[in-house]
Every structure is written in C-alpha cells, then in structure tokens.
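S.K.: Everything below, folded, please.
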Amino acid sequence: MPIRPVPPVTQMRGAGFSRRSLLAAGAAAATVLPLAACSSPLSAGLAGSALNPETLVFWNLFGGGDGLRMQEMERGYAKQHGGSSSLQATTFAWGNPYYSKVTLATVGNKPPDVAISHLTRAKPLWDGDLLDPITSDDLAGVGLSASDFNQKAWTAQKTDGKNICIPLDTHPFVLFYNVDVCQKAGLLDGDGKLKDLTGVDAFESALAAVSKVTGGTALNVANVSEVATPWRFFWTMYNQINGATPFISDGGAKLTVNEDAYTKVTEMTQKWVKSGWLNKGLDYATAQTLMFTGKAGFFMQGEWEISTAQSIKGLKFGMAPVPQLFDKPATQADSHTFILPRKDRTPEQKKAAMLFIKQMLEQSLTWAQGGHVPAYLPTYDSSAYKNLTPQSNYASAAESAVFDDAAWYGGSGSTFENTVGAQLALVQQGSSSPAAAMGAIKSQLSTYLNTPSPL
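M.R.: Here you go, the predicted model:
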C-alpha cells in the first residue's frame, strides 16, 4: 500500500534532532528487529521508493482481540475517507522492538503520521525529542479539548507543561472472580455481584472462605516465566499505603522506594502463600485456567483477559476493581495513547493526523468491548458503555490508576519491569525473602540508576 512522504532532514524544523535522539537511535539499533513489511515508511525511505502523500500512515502494536478491534476501527476510519487507500496501518511486535522501530524511523525522518504508545513509554520518547506536542489549538481544530478525557490519564501524560499524547484508554489491573465459587463462599450480594471486600481483614476472610470451597488456592497471580504480573500486583498494593513513594525518581536516576511499605506488601504476599490462599508458582495461562475451571475463586490480571474468559463455554465470571486493602484506593495501570512522532508537518497534515485520532476515539465503544476503560468521556459517560457489562463494572478503577514512574528504562514491557518483577516473583514463590529480593533489585538496577539517560 502506498504511504505518505516526509521532508528530507534538511527541512526538519530547527537544526534537526538532538544529539540525545541520535544516541537513542544508536541504542535502539542494537535491538531492533527486521521490519515486518517493505512498504513501511522507514524501509521505503532506505530504499528510496516513492511514497503516496494521500495515505495516512499509522503504526500500532496490537495483536489478538485488541488487534481485531483496532482493525475494525481502522476500517471505520477508512470508510469515511474514501476506502483502504486512505490509510496504511501496520502492526509490529509488542514491547521494546516496537519502540525501537518508532525511534529509528523518527530519527531517520520516516516516521508514521500517528502511532500508538503506552503512556509510560511516551515519556522517554518525548525526552528524546521524538514527539511533536499537541496544543489546545490542535485539539480544538478537530472538536476536542482536555475536558473530553479521563483526567487521571490526561494529567499523567502532561510532561514539561505540554500534551505529549492523547489517551485512548486506561487498562487497569483488576480482580476476576468465578461466580459459582464465590456464590458457594457466600461472597455475592443479591444482584450476584461481589460484596464489598475493603480492608485486609475482609479480603483475607474472603480468601479463607474461597479456599474452603476450592480445597486449594483462592487467588491466582501468575509468577512463573512472568514478570509483569508480579509487578502489577505489587504496585497496586504498595500504592494503597499512605506514605508510598515513587519506586524510582529523577527520571530513573534515584531509587526512592519506601522500604517499609515494600516489606508490608511482600510479607503479606508470602503470608497468603503460606496460608494456601495464593498460588506459590503458576504461569500466566495456568493461573487463569484454574480460576476459569473453578479451582480458584479469584484471578488478578489486566482487564484485557475478558476476551479469554468470554470464550470459555459455560463460565460465569465477574470483574471488579482490586479491593482497597490499605489506606486508599490505587490500581496499577497504563494507557494506550496516540502519539505524533516528530516530523515536519504542514498545518493540513497535522489536522489530518488529529482528525484520524478523533475519529478513532469516536469508536471507543468498539475498543471498550475488549476490556479497556475508555479515556474519551463521551464514550465513558454514554448509556451504551454503562450497559456494557462486566466491562463497566470496574470502570471506576480508572479513577484510582497509578502509572509506573517515568524513567528512560521504565514503563510497560521495560527493563525496569522485567528486573523488579522477576524478584517479586521469587518472593511469591518462596525462593527469596523480601530483604534478599530488595538487595537484588538494588544491585541489578544500579547500572541503570547510575547511567545517564541516552535519550
């Protein structure tokens, strides 16, 4: 499919990209994988092939059910703009390979017009001078304003006083529950929803009741060959404690975790395992399968697993925000956002990119079917979304969202998440004490803490 040109480097605004951006590209080049299609902006630029100025280029990292829903939304946009030739949408591998491609393409002056980024990964891109800011005028030009968005996500994306991305959703860590098991445990109200389980005592009583029903674990949290889930579980519980500090700060240069709060959460985790309430060691697929088959009552994971649960014939399940166990509500979360990779754009080109974003946001109900909480308030507040269950039952989790700390090596699918999550998994497995895990975290993060950002 033909794609849109961008001006040569000599026409880039200012003096071109910063030295930090070029260093970032060098680092990214060490890990980047071959491009999925020779018609991408980057590969076309390297080959010198001609590009079609009428096609809007969009990159994303969505697979599975998310990928199918995104494709449906892309078709909705294309239908409004004359057909498939109006949009070239390309999907790349999730995680660091994707962000390496975005970095290299942008530094090479061949970025997409619009791309998806996790909010926590947009900040390093911004720090590397790889994003165009989005002004109030840009928003107003397509009928948008800051008040159209969930304010937790909107405030979180603001960096250096600028709008660096536009949130599509909030995807929080949530509690799945098996209706049949919880009914037998006496944990459902008259409407068949989970009773209030606020407080450690109430939740532990619920865990004990469920364990009596299952004859085994009550709650599954994946921790074998899995680092993201232990991190999400910890970050949720940790941030519910008054006095919880950023784990890392100053752009990732300082370790500032509150070790008392860390110990409180990790000792609780080991207590639950020793009591038989929480699994000692399960991989991602097994952790959810046991809940789906009634061998556990609870399962904590990102809300995107709703699609898996819905595919299980005969399964009756519910979803709720992770209960507040400590001093305040908090839920680990991230947001998928739209970014404008840095390039020299005419006013018409920027408005076209903004119009694409607006028209994708207008299809947020399609996106919400996959579990993500819409960041676009006209959809969030709509009766159609409120009637969408169980998706709307945990929508309030977006209001207590806690995003990962900003760092050049942090965010979803990052080195930080891999490093800390691996140690937290060992704590849950009983292979490491909380103190030993913290020692390993400090040791393994020291290289990154003491290395200036390459961005």
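
S.K.: Quickly list what the residue nearest in space to the middle of the chain is bridged to.
M.R.: Centroid-nearest residue in the chain: D334, 3.6 Å away (criterion: C-alpha atoms, centre = their mean). Counting by DSSP bridges, D334 is bridged to H171.

S.K.: and it, what pLDDT?
M.R.: With respect to pLDDT, D334 scores 97.

S.K.: And S49, by the same measure?
M.R.: pLDDT, S49: 39.

S.K.: low-confidence ranges in the stretch 1-150 of the chain?
M.R.: Across the stretch 1-150 of the chain, the ranges flagged by pLDDT under 70 are 1-53.

S.K.: Strands of the stretch 251-400 of the chain, residue ranges please.
M.R.: 254-255, 298-302, 317-321, 331-334, 336-339, 373-374 (DSSP state E, counting those that start in this stretch).

S.K.: Using TSV, lay out those together with distance to T198.
M.R.: Using the backbone N, CA and C atoms, a C-beta is placed for each residue, glycine as well. Below are the strands of the stretch 251-400 of the chain laid out as TSV (distance: least, C-beta to C-beta, whole Å):
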stretch	distance to T198
strand 254-255	31
strand 298-302	15
strand 317-321	11
strand 331-334	14
strand 336-339	29
strand 373-374	21
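
S.K.: Go through these and name the closest to T217.
M.R.: For the strands of the stretch 251-400 of the chain, distance to T217 was read as C-beta to C-beta. The smallest value, 8.8 Å, belongs to strand 298-302.

S.K.: ok now that closest one, how far from the chain's centre?
M.R.: Relative to its chain's centre, strand 298-302 lies at 15 Å (C-alpha atoms, centre = their mean, to the nearest Å).

S.K.: Can you point out the buried residues in stretch 252-268?
M.R.: Across stretch 252-268, burial judged by 16 or more other C-beta atoms under 10 Å covers G252, A253, L255, V257, N258, A261, Y262, K264, V265, T266, M268.

S.K.: nearest to N96, of the residues you listed?
M.R.: Within these, the smallest distance to N96 is 15.6 Å, found for G252 (C-beta to C-beta).

S.K.: Surely that closest one is in contact with N450?
M.R.: No - between G252 and N450 there is no contact under C-beta atoms under 8 Å: 10.4 Å.

S.K.: Next, show the common contact partners of these two.
M.R.: Common neighbours of G252 and N450, using C-beta atoms under 8 Å, 6 or more residues apart in numbering, do not exist here.

S.K.: quick one, helices of the stretch 301-450 of the chain?
M.R.: Applying DSSP state H, counting those that start in this stretch to the stretch 301-450 of the chain gives helices spanning 306-310, 347-361, 364-368, 377-380, 383-386, 415-429, 434-449.

S.K.: CSV please, covering these and showing distance to A153 and mean pLDDT.
M.R.: As requested, the helices of the stretch 301-450 of the chain are exported to CSV (distance: least, C-beta to C-beta, whole Å; pLDDT from 0 to 100):
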stretch, distance to A153, mean pLDDT
helix 306-310, 20, 95
helix 347-361, 12, 97
helix 364-368, 13, 98
helix 377-380, 11, 98
helix 383-386, 16, 98
helix 415-429, 19, 97
helix 434-449, 26, 97
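
S.K.: export these to CSV and tack on mean neighbour count and distance to F58?
M.R.: As requested, the helices of the stretch 301-450 of the chain are arranged in CSV below (neighbours: other C-beta atoms under 10 Å; distance: least, C-beta to C-beta, whole Å):
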stretch, mean neighbour count, distance to F58
helix 306-310, 18, 22
helix 347-361, 19, 7
helix 364-368, 21, 15
helix 377-380, 18, 20
helix 383-386, 12, 24
helix 415-429, 22, 26
helix 434-449, 16, 32
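
S.K.: Out of these, flag the one nearest V224.
M.R.: Shortest distance between V224 and the helices of the stretch 301-450 of the chain, using C-beta to C-beta, is found for helix 415-429: 7.2 Å.

S.K.: just checking, what packs against the closest one?
M.R.: helix 228-238, helix 259-274, helix 434-449 (3 or more C-beta pairs under 8 Å, 6 or more residues apart in numbering; DSSP states H and E).

S.K.: repeat that with 6 Å
M.R.: helix 228-238, helix 434-449 (3 or more C-beta pairs under 6 Å, 6 or more residues apart in numbering; DSSP states H and E).

S.K.: Export the helices of the stretch 301-450 of the chain as JSON lines, with columns for distance to K274.
M.R.: Shown next, in JSON lines, are the helices of the stretch 301-450 of the chain (distance: least, C-beta to C-beta, whole Å):
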{"stretch": "helix 306-310", "distance to K274": "29"}
{"stretch": "helix 347-361", "distance to K274": "47"}
{"stretch": "helix 364-368", "distance to K274": "39"}
{"stretch": "helix 377-380", "distance to K274": "41"}
{"stretch": "helix 383-386", "distance to K274": "41"}
{"stretch": "helix 415-429", "distance to K274": "11"}
{"stretch": "helix 434-449", "distance to K274": "13"}
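
S.K.: Quick one, which of those gets closest to S275.
M.R.: Nearest of those to S275, taken as C-beta to C-beta: helix 415-429 at 13.0 Å.

S.K.: how big is the angle separating the closest one from helix 434-449?
M.R.: Angle, helix 415-429 to helix 434-449, by axes from the mean of the first three to the mean of the last three C-alpha atoms, to 10 degrees: 170 degrees.

S.K.: Give me the contacts around helix 415-429.
M.R.: By C-beta atoms under 6 Å, 6 or more residues apart in numbering, the list of residues contacting helix 415-429 from outside reads 223, 227-228, 230-231, 234, 266, 269, 280-281, 409-410, 432, 434, 437, 440-441, 444.

S.K.: how does it look with 8 Å?
M.R.: Outside helix 415-429, the residues that reach it (C-beta under 8 Å, 6+ apart) are 221, 223-224, 226-231, 233-234, 247-248, 252, 266, 269-270, 273, 278-281, 404, 407, 409-411, 432-434, 437-438, 440-441, 444-445, 448.

S.K.: now swap in stretch 376-394 and tell me
M.R.: Contacts for stretch 376-394 (C-beta under 8 Å, 6+ apart): 147-150, 168, 172, 174-175, 193, 303, 306, 317-321, 361-362, 364-365, 368-369, 371, 373-374, 395.

S.K.: Let me know the next secondary structure element after the strand or helix carrying A156.
M.R.: A156 belongs to helix 151-157 when assigned by DSSP states H and E. Downstream of helix 151-157, the first helix or strand assigned by DSSP H and E is strand 158-159.

S.K.: A helix includes L175, no?
M.R.: No - per DSSP: H, G, I helix; E, B strand; the rest coil, L175 lies outside any helix segment and is strand.

S.K.: begin at 677 from here
M.R.: Taking 677 as the first residue, the last one we looked at is L851.
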